[in-house]
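Visitor: Could you work out the structure for the sequence below:
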Amino acid sequence: MSIKIALVHYLLSQAAVKRHVGTRIFWGQLPQGQASPAITCEKVGGTPTAHQGGAASAASSRIQVSCWSKSPKEAEAVKEAVRLSLVGFQGNLGPPGGQVAVLMIEHAGDYDGFEADRSGGPGGINEVAIDLNIWHRQPVPSF
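Guide: This is a model prediction of the structure:
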């Protein structure tokens, strides 16, 4: 299972996150006209690890989790629920039979922004994001 699928599955299982966004968690852009609050996730970086013997089973994925809301206070509350659910986590993410072993999740940065209404109308939506470095296991290629 990919770290992306495992992360979404885990966030959907967290009561504090679900209380804010329900099932509104997406990869990539926030869908046009989507109700808020909502969450989008993007992989913005990462590196596999290696040693002198070749590839290693550990990798780092840098994931940006953006929390969207008409209210900046609510967007911040969603981000805080995400932070408390993930930072410091060690264990398995994902559904039984498809889990990813996570060695550590660390807080790597924050971002606050505002996106104007795409149709040119008044208003817009607030974005409060948290970047996470997720150290996890991945299959090792065999040659």
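Visitor: Tell me, please, where in the protein the pLDDT is lower than the cut-off.
Guide: 1, 48-56, 141-143 (pLDDT under 70).
Visitor: And the strands in it, which stretches?
Guide: 25-27, 38-51, 54-69, 91-93, 100-116, 124-137 (DSSP state E).
Visitor: so what's Ala108 up against?
Guide: 62, 131-133 (Cβ atoms under 8 Å, 6 or more residues apart in numbering). Heads up, the C-betas are built off the backbone N, CA and C, glycines and all.
Visitor: What's the local residue count around Ile125?
Guide: 21 (other Cβ atoms under 10 Å).
Visitor: Let me fix that, I meant to ask about Lys70.
Guide: With other Cβ under 10 Å as criterion, Lys70 counts 13.
Visitor: which of the contacts of Ala108 tops the neighbour count?
Guide: Counting by other Cβ under 10 Å, top hit in the contacts of Ala108: Leu132 with 22 neighbours.
Visitor: Let me know whether that one touches Ile105 as I believe.
Guide: Yes - counting by Cβ atoms under 8 Å, Leu132 touches Ile105, with 5.6 Å between them.
Visitor: Give the buried residues for the longest helix anywhere in the chain.
Guide: Longest helix of the chain, by residue count under DSSP state H: helix 72-86. Within helix 72-86, the residues scored as buried using 16 or more other Cβ atoms under 10 Å are 74-79, 81-83, 85-86.
Visitor: tilt between that helix and strand 54-69?
Guide: If you take axes from the mean of the first three to the mean of the last three Cα atoms, to 10 degrees, helix 72-86 sits at 150 degrees to strand 54-69.
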